Every structure is written in C-alpha cells, then in structure tokens.
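[1] Okay, sequence plus prediction incoming.
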Amino acid sequence: MVIMRINEHIVKKICQAMNYTLLDFRTVYEQAISEVNDNGIRPALWAKRADILTHDFEPDEEIKVLHVKRGNLWQIDPVADLENGDLYVLMSRKNLKERIKEAKRKQFSTHYLYSLILKNSYIKVKQQEELALFPIYSKEEQEEHVAYRKEDCERILRNYNEKINRIVVIAVDYVAEIATTACAYVFDDKYNVFDSLDVSDYLLPAEYESTGSSVDKEKQVEIQQPIVKLKLRKKAKGNDK
C-alpha cells in the first residue's frame, strides 16, 4: 500500500499551530483586547496561528505562508510547499464537513477551498459523484462556475499559481477546545476523497511564548490521549471554526 505523500516538516508545524486553541489564547486576548467582550476572538485566534506559522517558516525559501484577504473581515493563511508544488490548507474538520456538504448539495460553492481544489482536477476518483447524475445547472452555467473557480484560485495563489499543483487539506477535530485528531486529505475537484492520512501524532503539545512567535521545544512532552488531556484542561465553550 502506497502511503500518501506529505511534507512531514510542514504538517508537523501546522498541527502544532492548530493545537494552539482558545485555552492558550484567551488570556492573551483578554489582556490585549477585552476581558468582557469576546467578539472577534476566533478570527483573532486564526490570526495568531498565522503568526506562529509565518515565524516558523520564515527562514525557509521553499516554504511560504500566503496571507490572502477574503472580503473585509476574513483572511486565510495556507502554507505553500514550493519545492513539491503543494498547498496546505488549515481547517477544523467540522468546518470542512460543512463546506463539503454545502458544495455537494448546491453542486457549487464560492468558498475558497472549493476554488482551490480545482487544482486537483487531474485527480480521478473511481467513486462516482451521485449529484452528477442529476445536474441542476445548464452547461453554460457549469462553464461559468468553472471559470469563477479558476479566477478565484488565481487570485488566492497570485504569483505562486503556476508553482502549485496539488491541494492538501489538514483538518483537525476539537473537543472542548482541545485538538484531538488530525487528518491530511487530498480531494478531487468535486470533494471526493482521493487519499487521506491520519496525522494525529503530530498534535504535539507545545508551549508558545506570549507573543506566539516561537515554540519552546524543550517543554514538548509525549502525546497524551485526548481523554487524559480533557481531564487536565478546563472545558471551554463552543467548537473551533
């Protein structure tokens, strides 16, 4: 059996950043923003993760963290492996499932990941797409959708568009603000799974400085099972997006 190809160095760093949750960030947010109003705390958490990844990969010319504005209120920060032509997209598994469900139901989506996986159109999955038997759009509309996805993908990747050939999604499950499992996925251009790899072992506990700019590697310990971690950390509200 052929094991899915990934850049372990990149995936480990991504998992460490995704392991940084509101349990770690809330104190920072309360000190810097507000102790009584947590509006915007989740976008701020994602921004913190972007800082962590940018610092981690800054010395490497073959790895770039892309900072892409999506409207006025949101930004995505995928990691480009320029040597191998891969783009790693970070998401919670909950959000990924919702985006897949939406795209399959509507047979289209303006979500950035749906645009990006057009890069994987050369990948052929044997499993047939059920909705393809009952198209809800005309041929012209389908062509317009493909054109939109292509243009949106080019807007996201900008100067790296020609260097990226494959989109890999790193999706993390959370329970009470604790990262419990992680998986790397490669989809075709219709969200059918072509390959996947459990990377939960890369969810190494790590202590970040208050600035979030570095990881104290000496404080890293062996992975604990999620049930043990649940006992050690306070339960937080909500799920990560």
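    Done, it's in. Everything quoted here is computed from the prediction, not taken from an experiment.

[2] When you work out contacts or count neighbours from here on, use the C-alpha atoms and nothing else.
    Will do.

[3] List the buried residues of stretch 92-108.
    Across stretch 92-108, burial judged by 16 or more other CA atoms under 10 Å covers 92-93, 95-96, 99-100, 103-104, 107-108.

[4] for stretch 70-87, that is, sorry about that
    Quick answer for stretch 70-87 (16+ other CA under 10 Å): 75-82, 85-87.

[5] Filter those residues down to the ones in strands?
    When DSSP state E is applied, the buried residues of stretch 70-87 are split such that 75-76, 79-81, 86-87 fall in strands.

[6] Give me the contacts around the longest helix along the chain.
    When the chain is parsed with DSSP state H, its longest helix is helix 139-157. If you take CA atoms under 8 Å, 6 or more residues apart in numbering as the criterion, helix 139-157 is touched by 66, 68, 108, 110, 112, 114-116, 118, 161.

[7] nearest spatial neighbour of the residue nearest the centre of the chain, skipping sequence neighbours?
    For the chain, the residue nearest the mean C-alpha position is Leu90 (1.0 Å; CA atoms, centre = their mean). Taking CA to CA, 6 or more residues apart in numbering, and ignoring the residues beside it in sequence, Leu90 has Ile170 as its nearest neighbour in space, at 5.1 Å.

[8] Show me where the protein has its helices.
    Taking DSSP H, the helices of the chain run over residues 8-18, 22-32, 41-57, 93-106, 112-116, 139-157, 226-232.

[9] How far off centre is the second one?
    Meaning helix 22-32. Here the centre of helix 22-32 is set off from its chain's centre by 21 Å, with CA atoms, centre = their mean, to the nearest Å.

[10] If you compare the directions of it and helix 41-57, what angle comes out?
    Angle of helix 22-32 versus helix 41-57, following axes from the mean of the first three to the mean of the last three CA atoms, to 10 degrees, is 100 degrees.

[11] So what's the residue count around Glu162?
    The number of residues packed near Glu162 is 10, by other CA atoms under 10 Å.

[12] Please name the residues that touch it.
    Applying CA under 8 Å, 6+ apart to Glu162 gives no contacts.

[13] mind checking pLDDT for it?
    Here the pLDDT value assigned to Glu162 is 97.

[14] which stretches of this protein have low pLDDT?
    Residues of the chain meeting the criterion pLDDT under 70: 1, 127-133, 205-241.

[15] which residues sit in contact with the residue nearest to Leu90?
    Contact analysis of Ile170 by CA under 8 Å, 6+ apart lists 11, 14, 88-91, 182-185.

[16] if we go to 7 Å?
    By CA atoms under 7 Å, 6 or more residues apart in numbering, the residues touching Ile170 are 88-91, 182-185.

[17] Return the subset of those lying in strands.
    88-91, 182-185.

[18] With distance to Thr54 as new columns, can the residues you listed be given to me in TSV?
    Formatted as TSV, those follow (distance: CA to CA, whole Å):
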residue	distance to Thr54
Tyr88	13
Val89	14
Leu90	14
Met91	17
Ala182	21
Cys183	21
Ala184	20
Tyr185	22
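
[19] filter those residues to the buried ones?
    Among these, those buried by neighbour count (16+ other CA under 10 Å) are 88-91, 182-185.

[20] Okay, buried residues for stretch 33-53 please.
    Residues of stretch 33-53 classed as buried: 41-42, 44-53 (neighbour count, 16+ other CA under 10 Å).

[21] now stretch 51-61
    51-54, 56-57.

[22] Glu177 is in contact with Leu22, isn't it?
    Yes - applying CA atoms under 7 Å as the test, Glu177 and Leu22 come out as touching, 6.5 Å apart.

[23] List the buried residues for the longest helix of the chain?
    By neighbour count on 16+ other CA under 10 Å, the buried set for helix 139-157 is 145, 149-150, 152-154, 156-157.

[24] Output those residues in a markdown table; the columns should cover distance to Tyr29.
    As requested, the buried residues of helix 139-157 are exported to a markdown table (distance: CA to CA, whole Å):
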| residue | distance to Tyr29 |
| --- | --- |
| His145 | 40 |
| Arg149 | 35 |
| Lys150 | 37 |
| Asp152 | 32 |
| Cys153 | 32 |
| Glu154 | 34 |
| Ile156 | 28 |
| Leu157 | 30 |
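
[25] I appreciate the help and will end here.
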